[in-house]
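Undergrad: take this sequence and fold it.
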Amino acid sequence: VHFAAQCLAVLAPLLRSLSVEILGLLINSPNLRAQVPALVADLEETQRERSELTAQRDRSYRLRSAAQANDFALPFNELIDSRNHFRTPLLSKLYSNREVCRDMFLRLLRNYQDAKLELD
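TA: As a prediction, the model looks like this:
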């Protein structure tokens, strides 16, 4: 038990980086609370801080414009060039970045599928 408590103390920075939900599960663990109360108190403080930051972020977040969000929701139409929907330099750059990310993702997916076929 003492060894496990020391391991958890060493892992405290890693545990503090977990999500609020997982922190809640750790905090509500009766065994953890009984063996390492200082760690549980530290995790409770981390969870409280993270919850406050999330609440502040959610309150301050606003969509800049419905039109900007609408540009990304336009359906694909093979008869027109989709780049025409992104007229400003910023939107054009967003479009290019999105296309590059999509191409990279599809390349990784194909590599994975090829590797999976070779293993099967």
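Undergrad: longest helix in this protein, please.
TA: Longest helix in the chain, counting residues (DSSP state H): helix 89-119.
Undergrad: can you give me the neighbour number for residue 23?
TA: By other Cβ atoms under 10 Å, 21 other residues sit near residue 23. Backbone N, C-alpha and C define where each C-beta goes, glycine included.
Undergrad: for it, which non-adjacent residue is spatially closest?
TA: Distances taken as Cβ to Cβ, 6 or more residues apart in numbering put residue 47 closest to residue 23, at 4.3 Å, once the chain neighbours are dropped.
Undergrad: other SSEs contacting the strand or helix carrying that neighbour?
TA: Using DSSP states H and E, residue 47 sits in helix 37-60. Applying 3 or more Cβ pairs under 8 Å, 6 or more residues apart in numbering; DSSP states H and E, we find helix 37-60 packed against helix 2-10, helix 12-16, helix 20-27, helix 30-35.
Undergrad: tell me what angle that helix forms with helix 20-27.
TA: 160 degrees (axes from the mean of the first three to the mean of the last three Cα atoms, to 10 degrees).
Undergrad: buried sites along helix 37-60?
TA: For helix 37-60, the neighbour count (16 or more other Cβ atoms under 10 Å) marks 39-40, 43, 46-47, 50 as buried.
Undergrad: format those as TSV; extra columns: distance to residue 4 and pLDDT.
TA: Output for the buried residues of helix 37-60, formatted as TSV (distance: Cβ to Cβ, whole Å; pLDDT from 0 to 100):
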residue	distance to residue 4	pLDDT
39	11	94
40	14	95
43	16	94
46	20	94
47	21	93
50	25	88
